[in-house]
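Engineer: Have a look; sequence and predicted model below, questions after that.
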Amino acid sequence: MTDSIVLCRPDDWHLHLRDGAMLAAVTPFSAGFGRAIIMPNLVPPVVTGAQAAAYRDRIRAALPETAALVPQMTLYLTDSTDPADVTAAHEAGIIRAVKLYPAGATTNSASGVTDFDRVRPVLEAMAGAGIPLCVHGEVTDPAVDIFDREAVFIDRVLDPIRRKTPGLRVVMEHITTSEGVAYARSGGDDLGATITTHHLVINRNAILAGGIRPHYYCLPVAKRETHRLALREAATSGEARFFLGTDSAPHPDSAKLQPCGCAGCFTAPNTMSILAHVFEDEDALDRLEAFASLNGAAFYGLPPNEDRIRLTRRETPAAYPATIAAGDETVTVFDPGFPLYWHLEDA
Ligand code: NCD
Ligand code: ZN
């Protein structure tokens, strides 16, 4: 049995770090990633280059001195985003990508896009400048069943946008369905897809069977088992289009444990140990580096990180906190439901 593997330092291509006390509390748990695409869904959202630069500086201030992490900032696309501000922020090296949230699709997405024709000039400018669009792929039509919202989004929104905007580089964020996997595979090297840690581990039973478990509720919501298996097959395939985006999305327990609790799983503290477990289960440890460290960088046109990490399988489980403190609040860490024997260290 393999009991130690060395990888290029991994990157996290979809991460929520929040702001204020939460930022200070959660950022150290992502400090071991080389780069992370930082989601802009603050309140208010990060919509201009100047706001992205200021947020980047707050993140840097929250990082431990020894941190590897270099934040890769994004802008939150709204109906009134100025194409010139987007291209200027990209040229100045402030942003790596732009995030599209359909209005109302998820946490803090009220300012998202309501009319895809209105953002056409921004999408054209991004295609011209090679700026990737990170897409939260769920329709918000209340008539569409929540478990179908990703598949319907692909047909109604994503495919038409891609057809109308040749050259636009698109990341399908946090895919959760076999339809998402299939659509990602239908594209060329202008189409990538991130997969979260938790969607490789849980299906919808984890949320709903035997009692309701708010800490497993996230968006897009976990689907039935066939979809989880499709995601595991895609993530462990080694294919360049699939890469890690944890979507680690911390919320205070006081906001999750409510009659109407909010969506998000906080996976930053134990992600690499969980991934090693999953890839070992799938007999694919040799493809973990492609998924976590190589494919995403290549999609974004960046070299792999130069330094390395080691994952070692030990007899005693890796320790991680069940909860962390953020100001006066508590945030619960994602519990994969099995002990984690893979320990993460610098190589
Ligand atoms: C994210 C959040 O809390 O910001 N929640 C989630 O369930 N993933 C938003 C998102 O990425 O959809
Ligand atoms: Zn997210």
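Structural biologist: Received, thanks. Ligands and ions are numbered 1, 2, ... in the order given.

Engineer: from here on, contacts and neighbour counts on C-alpha atoms
Structural biologist: Will do.

Engineer: Just the pLDDT for V47.
Structural biologist: We have a pLDDT of 96 for V47.

Engineer: what do you get for T106?
Structural biologist: pLDDT at T106 comes out at 77.

Engineer: Let me see the contact set for it.
Structural biologist: The contact partners of T106, by C-alpha atoms under 8 Å, 6 or more residues apart in numbering, come to L219, A263.

Engineer: do the same with I324
Structural biologist: By C-alpha under 8 Å, 6+ apart, the residues touching I324 are A25, T330, V331, T332, V333.

Engineer: Just the element for C218, please.
Structural biologist: C218 is part of no helix or strand when elements are defined by DSSP states H and E.

Engineer: what does the stretch 201-347 of the chain put close to ligand 1?
Structural biologist: Within the stretch 201-347 of the chain, the positions near ligand 1 by C-alpha under 6 Å from any ligand atom are C218, L219, D247, A249, A263, G264.

Engineer: ok, 5 Å please
Structural biologist: When proximity is defined as C-alpha under 5 Å from any ligand atom, the stretch 201-347 of the chain approaches ligand 1 at C218, L219, A249, A263, G264.

Engineer: Tell me the spatial nearest neighbour of M272, not counting adjacent residues.
Structural biologist: L344 (7.0 Å; C-alpha to C-alpha, 6 or more residues apart in numbering).

Engineer: got the CA coordinates for the helix or strand in which that neighbour is found in CSV?
Structural biologist: When elements are assigned from DSSP H and E, L344 belongs to strand 342-346. C-alpha atoms of strand 342-346 as CSV (Å, rounded to 0.1, in the frame of the first residue of the first chain):
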residue,chain,number,x,y,z
TRP,A,342,-3.8,11.0,5.4
HIS,A,343,-1.7,13.7,7.1
LEU,A,344,-0.6,16.9,5.2
GLU,A,345,2.8,18.4,5.6
ASP,A,346,5.3,20.4,3.5
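
Engineer: quick revisit: report the beta-bridge partners for the residue nearest to M272.
Structural biologist: On the basis of DSSP bridges, L344 is bridged to L311.

Engineer: of all the contacts of I324, which comes closest to ligand 1?
Structural biologist: Comparing the contacts of I324 against ligand 1 with C-alpha to the nearest ligand atom places V331 closest, at 12.3 Å.

Engineer: By neighbour count, which of the contacts of I324 wins?
Structural biologist: With neighbours defined as other C-alpha atoms under 10 Å, the most crowded of those is V331; it has 23 neighbours.

Engineer: which element is it on?
Structural biologist: Assigned by DSSP H and E, V331 belongs to strand 329-332.

Engineer: which other residues reach that strand?
Structural biologist: Identification of contacts with strand 329-332 by C-alpha under 8 Å, 6+ apart yields H215, P250, H251, P252, D253, S254, F266, A322, T323, I324, A325.

Engineer: Can you say which of the residues you listed are buried?
Structural biologist: Among these, the ones that count as buried by 16 or more other C-alpha atoms under 10 Å are H215, P250, H251, P252, D253, F266, I324.

Engineer: count of neighbours near the nearest residue to F279 once chain neighbours are set aside?
Structural biologist: Nearest residue to F279, sequence neighbours excluded (C-alpha to C-alpha, 6+ apart): L285, at 5.0 Å. With neighbours defined by other C-alpha under 10 Å, the count for L285 comes to 19.

Engineer: same deal with E179?
Structural biologist: For E179, the count of nearby residues is 17 (other C-alpha under 10 Å).

Engineer: what secondary structure does I175 sit in?
Structural biologist: Under the three-state scheme (DSSP: H, G, I helix; E, B strand; the rest coil), I175 adopts coil.

Engineer: so where's this protein shaky on pLDDT?
Structural biologist: Low-confidence segments of the chain, defined by pLDDT under 70: 1.

Engineer: And the helices in the stretch 101-250 of the chain?
Structural biologist: Remark: helices assigned in the stretch 101-250 of the chain by DSSP state H, counting those that start in this stretch are 120-129, 149-153, 159-164, 178-186, 204-208, 225-235.
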